[in-house]
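J.: predicted model follows, preceded by the sequence.
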Amino acid sequence: GQQVMQIPQYQHVQEGEDFTTYCNSSTTLSNIQWYKQRPGGHPVFLIQLVKSGEVKKQKRLTFQFGEAKKNSSLHITATQTTDVGTYFCALGYGNKLVFGAGTILRVKS
Amino acid sequence: DGGITQSPKYLFRKEGQNVTLSCEQNLNHDAMYWYRQDPGQGLRLIYYSQIVNDFQKGDIAEGYSVSREKKESFPLTVTSAQKNPTAFYLCASSPTGGHTDTQYFGPGTRLTVL
């Protein structure tokens, strides 16, 4: 099946520091979605990117879709303890969504 | 309240037994999915269904079976043929099953084989 590389696997930051997770694909994507899963919870949809080079913002979160539509990033500015959880990208290939392995974010206050 | 429910939240099974996990949605979505989540491996697709009485295998269907007799319900049976069934199982639904749909997840069932 299609391979999705999401890095890093784990990141532990001090509250107030920035955080970035990256998603890479070897093939061109039709779209990408990002989800957040709080500890003990279930994934919740954050955003979808469709256009080449697209940038979207949600408060302290910035989402980017690469120009070649093969990669994406999620950046959190000035992390807070409420940001803890696992962030997944989900890549659109044909008529399927393929989820990355996720990046676990821990925030130390 | 609209949403997806899964039951039970925790399930224990003896080796060699089949077990069925429930998933119900009242969002009027056409598509439903089952994922398995293991530490460090993200979400892996087991089965999905885009319409009643039809379903397709995902990436890791071996040892699992499903049915879709009603639009609202998509139960998953973990059979004794599944070699390593201990995992967190997530059910999801989406409006049409297209790759640009948002997927809505249930709270999950944590299965432990004793």
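T.: Thanks, I have the structure now. A quick note: this is a predicted structure, and the numbers were derived from the prediction, not measured.
J.: can you get me a residue count around the residue lying closest to B:Gln6 once chain neighbours are set aside?
T.: Leaving out its chain neighbours, the residue that sits closest to B:Gln6 by C-beta to C-beta, 6 or more residues apart in numbering or on different chains is B:Gly106, at 4.0 Å. Every C-beta, even on glycine, is put in place using the N, C-alpha and C of the backbone. By other C-beta atoms under 10 Å in any protein chain shown, 23 other residues sit near B:Gly106.
J.: kindly report the same for the one 5 residues further on.
T.: The burial metric for B:Leu111, expressed as a neighbour count using other C-beta under 10 Å, is 21.
J.: how far away from the center of its chain is stretch B:74-89?
T.: 9 Å (C-alpha atoms, centre = their mean, to the nearest Å).
J.: mind listing residues that contact that stretch?
T.: B:6, B:13, B:15-23, B:25, B:32-38, B:46-47, B:49, B:55, B:62-68, B:91, B:93, B:108-113 (C-beta atoms under 8 Å, 6 or more residues apart in numbering or on different chains).
J.: next SSE downstream of the worst-scoring helix or strand of chain A on mean pLDDT?
T.: Across the helices and strands of chain A, the lowest-confidence element by mean pLDDT, DSSP states H and E is strand A:96-99, at a mean of 85. Toward the C-terminus, strand A:96-99 is succeeded by strand A:103-108 as the next helix or strand (DSSP states H and E).
J.: and that next one, anywhere near chain B?
T.: No: counting by C-beta under 8 Å from any C-beta of the partner chain, chain B is not contacted by strand A:103-108; separation bottoms out at 8.8 Å.
J.: only the buried residues of that strand, if you could.
T.: A:Thr103, A:Ile104, A:Leu105, A:Val107 (16 or more other C-beta atoms under 10 Å in any protein chain shown).
J.: do stretch A:48-56 as well
T.: A:Gln48, A:Leu49, A:Glu54.
J.: in PDB, list the C-alpha atoms belonging to it.
T.: What follows is stretch A:48-56, C-alpha atoms only, in PDB (Å, rounded to 0.1, in the frame of the first residue of the first chain):
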ATOM      1  CA  GLN A  48      -8.000  19.800   5.100                       C
ATOM      2  CA  LEU A  49      -5.600  21.100   2.500                       C
ATOM      3  CA  VAL A  50      -6.300  20.700  -1.200                       C
ATOM      4  CA  LYS A  51      -4.400  23.200  -3.200                       C
ATOM      5  CA  SER A  52      -0.700  23.300  -4.000                       C
ATOM      6  CA  GLY A  53       1.200  25.600  -1.700                       C
ATOM      7  CA  GLU A  54      -1.900  26.200   0.500                       C
ATOM      8  CA  VAL A  55      -1.400  27.700   4.000                       C
ATOM      9  CA  LYS A  56      -4.200  27.700   6.500                       C
END
